[in-house]
Structure formats: structure tokens, C-alpha cells
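>>> Got a predicted structure here, sequence first:
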Amino acid sequence: MSPIEFDDWFDKHAAYFPGIRTWFGRQGEYSKDVEAVWRKDLAKCQLEDCLDASQQLYGQTENKAPFFERHAREVREIAQNLRMQRAQPPEPRYIDGEQIFGCLQCKDDGQVICWHPKVMTAAKAGTLGEPFTVYTCAVACECTAGERYARQGMPRYNAKQWRLVQADLPRSQQLKDLEDFMEASRLRPANQKVTF
Ligand SMILES: [Zn+2]
């Protein structure tokens, strides 16, 4: 990343981890040194990889202490892995004439169909099933194929926030599945992010 790209990346990274600016401020006279190390750590990475790496790191560290001091190295490692994956797009593979997919969830398409957040809210409130209130949306899959959609601004699938539509079930069972999911999600702790 160029210095300008680093600034751009840092702004977006700080949007995922708002506490990081305070953490930088607390380094006092050393904050410039820390910044210089970070710039050096990420100099050989590409902006798009670092942006995606920040998003992944955010997904991985939800509800955990943010360990800001290691962020540059974590982002670099994820970005380097993404770069390798992008350099080698998977070839379609076949076994006995049947195509084998790298991602069974989206069949390497990059998009999955989930319940719309409004429908999830309705399921939670017990108001599901009213006419015209049940609809779905496309979400970028969490696999490599989903990255290009995520970069275009499509929300990224994760199993905590989204519920896949069980396309092979009858509609009544699909909705039951969603209601069960929302019921279970009530038991999860609310946002317990730790900030230093
Ligand atoms: Zn996928």
C-alpha cells in the first residue's frame, strides 16, 4: 500500500475497531513509531486485501478483546493469504462427471440467499407470516467467491447474523427454521465487545 492507501485503509479499519484511535493516542510519544512499524508491515500488501483482511479480523474478534498491538501483523497475514488465494482461482473439478465445488454453501457462485433482516425482526417479534412481509435477499458468501460481491458493498454472510433460506424445504418449514433460529439467537449474549 502506498502511504495514501494506508491512510485510506486505516480509516476503514478504525471504523471496524473504533477503540484503535484511542489506543494509538495512548502510545503518546511512541505513536509515531508504532505507526511507522505498521506502515512498514503493510507496505507490501495490497489495499483491497488489507480492507478484506480488516473485515475478516473484525468477524474473527467479535466479542473478544481487540489486542490492537497485533492488528498490523494479523491484517498482513490475512492479506497475504487472500493474495495467494486470488492468484490461484479454483478450476472446476469433476469426479465421475459430477462437478465438485470448493464451497458447498454457494456452489462457488459467491452469493447465498438469506432471510431479509426485516423478516428476521418480524420472526423475532412473532409477527411473521403476514402477507408480503416474507422476503429474502442475496448476501455475499463467506468464501473466496463471495469476496467480489462484498467488495461491491453486498453484506457478507456470517452464521450468527444471517439465516440461509432452506430452499429444499416447504415454505412453512422454512419459516419454522427461521423462527427457531431467532429463538436461539435470543439466548446469545448481547454485544459484549471489550474496549480498552
Ligand atoms: Zn461460497
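Received, thanks.
>>> The ion contacts on this structure?
Contacts of the chain with the ion, taken as CB under 5 Å from the ion, map to 103, 105, 106, 141, 143. C-beta coordinates here come from the backbone N, C-alpha and C atoms, glycine included.
>>> I figured the third one hits residue 147, correct?
No: contact criterion CB atoms under 8 Å: residue 106 and residue 147 do not qualify, at 11.6 Å.
>>> Spell out which residues are contacts of both of those two.
Taking CB atoms under 8 Å, 6 or more residues apart in numbering as the criterion, residue 106 and residue 147 do not both touch any residue.
>>> still on that earlier bit, by neighbour count, which of the residues of the chain next to the ion wins?
Counting neighbours by other CB atoms under 10 Å, residue 141 comes out on top of these with 24 neighbours.
>>> Next, find the distance separating it from residue 54.
19 Å (CB to CB, to the nearest Å).
>>> same deal with residue 7?
14 Å.
>>> who's more crowded, the two?
Ranked by neighbour count (other CB under 10 Å), residue 7 and residue 54 place residue 54 first, with 23 against 11.
>>> Now that one. Nearest residue, chain neighbours left out?
Computed as CB to CB, 6 or more residues apart in numbering, the closest residue to residue 54 that is not its neighbour in sequence is residue 13, at 4.4 Å.
>>> what secondary structure does that neighbour sit in?
helix (DSSP: H, G, I helix; E, B strand; the rest coil).
>>> Can you list the buried residues in stretch 149-159?
The neighbour-count check on stretch 149-159 (16 or more other CB atoms under 10 Å) flags 149, 150, 154, 156, 157 as buried.
>>> Could you single out the nearest of the residues of the chain next to the ion to residue 42?
The nearest member of these to residue 42, counting by CB to CB, is residue 143 at 24.2 Å.
>>> isn't the closest one right next to residue 105, touching?
Yes: using CB under 8 Å, residue 143 makes contact with residue 105 at a distance of 6.9 Å.
>>> related to what we said a few turns ago, would you turn the residues of the chain next to the ion into CSV with pLDDT and secondary structure?
Output for the residues of the chain next to the ion, formatted as CSV (pLDDT from 0 to 100; DSSP: H, G, I helix; E, B strand; the rest coil):
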residue, pLDDT, secondary structure
103, 91, coil
105, 92, coil
106, 93, coil
141, 95, coil
143, 93, coil
